[in-house]
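> A predicted structure for the sequence below; I have some questions about it.
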Amino acid sequence: MSESGKRTIVVISCTTNETVRVYQPALEYEPDRLHLIYMTKKDSKKKEFFECLVEEIESRIKEKRDVEVIRHNDTVYSFSRMLRLVNSIIKDEKERCGQFLHIYVNISSGSAEYAAAAMAACMMNKDCIPFTVAVKDHTMSFEEYQKMVTKDGHVIGNALTVYDPKMIETFNIEPPDEVLVRYLRFFDSLGSRPHTPATIIRLLEANDIWKYVPVRKENTTKNAVTMQYNRNVLQPLKDKGWLMEGSSKNRFFITPAGRAILDIFTDGEMEIKELIEEYSENCMKMCRSIMPDMMDRQ
């Protein structure tokens, strides 16, 4: 841990045959340490190739920045070994740096088993930030690649033969509460306009999203309704880190974490957006209709 309070930046990445996809994004985060996962083959020629690959990544990074590179030679095609390794790295770094730490995890490089395990580890350790790296240019043209993966007139792909399939033992990562996701969709449909709690409560009830059910019949005051709305709708979304209040009163915005939830667990635009716009238009019409009467009374 830095005595100055400066945060340590750690990047975790894996390689099977990539270099640029590992060192270039790593340098973007200006890391203090890079954990590089790879696997050398028993065959001497292949082992020499993979060792050169790792050397290339390390030299490219160190020529730009003073980075501690920690190598992890492990079975990158085993999901369980990769999950154990990535979790172990995260645990060790947390013990070493405490709260003064940022961990970025590259899930685009390496094997498919590593990518799945790395993403699962990030979901289990919420302080970690997974990132992806899209390829801009390839080392060969499509025509060259097509020739390389074609054999005897058939498109084979990168793999020529494979081992028998092996089942992966899984564990549960609970999906978000559907009710809270529905509340979040509702707030997303409000847009950037401010809405008072009373208006939001009316819209929630009108669209059968949330209704106030008093514990006691006498608890029907405006204050009781607002308190239950804050407790059951607004605060849980804030606690999840999905929703934040804006700088001005009665404005809300969806956080990046909340946006990710909407992208993954909702399907397209919510129909309530049109209903809210209709409600707002009706309110405007009502205001316009009473304006002449108010002017006449003056």
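Structure received. Since the model is a prediction, treat every value here as computed from it, not as a measurement. Numbering: from 1, shown residues only.

> the stretch 1-150 of the chain: helices as residue ranges?
Using DSSP state H, counting those that start in this stretch, the helices of the stretch 1-150 of the chain run over 20-28, 44-62, 79-97, 112-124, 142-148.

> same check on the stretch 151-298 of the chain?
Listed in chain order, the helices of the stretch 151-298 of the chain (DSSP H, counting those that start in this stretch) span 178-190, 197-206, 222-229, 235-240, 256-265, 272-297.

> lowest-confidence stretch among the ones you listed?
If you rank those by mean pLDDT, helix 272-297 sits at the bottom with a mean of 55.

> circling back: got the helices of the stretch 1-150 of the chain as a markdown table, with distance to Lys222 and mean neighbour count columns?
C-beta coordinates here come from the backbone N, C-alpha and C atoms, glycine included. As requested, the helices of the stretch 1-150 of the chain are arranged in a markdown table below (distance: least, C-beta to C-beta, whole Å; neighbours: other C-beta atoms under 10 Å):
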| stretch | distance to Lys222 | mean neighbour count |
| --- | --- | --- |
| helix 20-28 | 51 | 20 |
| helix 44-62 | 60 | 15 |
| helix 79-97 | 46 | 18 |
| helix 112-124 | 41 | 20 |
| helix 142-148 | 65 | 10 |
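
> nearest to Gly191, of the ones you listed?
helix 112-124 (30.1 Å; C-beta to C-beta).

> report the rounded mean pLDDT for that closest one.
So the average pLDDT for helix 112-124 ends up being 90.

> can you list the residues that contact that helix?
12, 14, 37, 76-80, 82-83, 85-87, 90, 105-108, 110, 128-130, 173 (C-beta atoms under 8 Å, 6 or more residues apart in numbering).

> give me that answer again for 6 Å
14, 76-77, 79, 82-83, 86-87, 105, 107, 128, 130, 173 (C-beta atoms under 6 Å, 6 or more residues apart in numbering).

> re earlier: ok, which of the helices of the stretch 1-150 of the chain comes nearest Thr8?
Nearest of these (C-beta to C-beta): helix 79-97, 4.7 Å.

> now the angle from the closest one to helix 112-124?
Relative orientation of helix 79-97 and helix 112-124, computed by axes from the mean of the first three to the mean of the last three C-alpha atoms, to 10 degrees: 40 degrees.

> which strands and helices sit next to helix 79-97?
strand 8-14, helix 112-124 (3 or more C-beta pairs under 6 Å, 6 or more residues apart in numbering; DSSP states H and E).

> let's see 8 Å
When contacts are defined as 3 or more C-beta pairs under 8 Å, 6 or more residues apart in numbering; DSSP states H and E, helix 79-97 packs onto strand 8-14, strand 33-38, strand 101-106, helix 112-124.

> got TSV for the ones you listed, with distance to Pro256 too?
Shown next, in TSV, are the helices and strands packed on helix 79-97 (distance: least, C-beta to C-beta, whole Å):
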stretch	distance to Pro256
strand 8-14	19
strand 33-38	25
strand 101-106	15
helix 112-124	14
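
> looking at those, which is nearest to Glu143?
helix 112-124 (26.1 Å).
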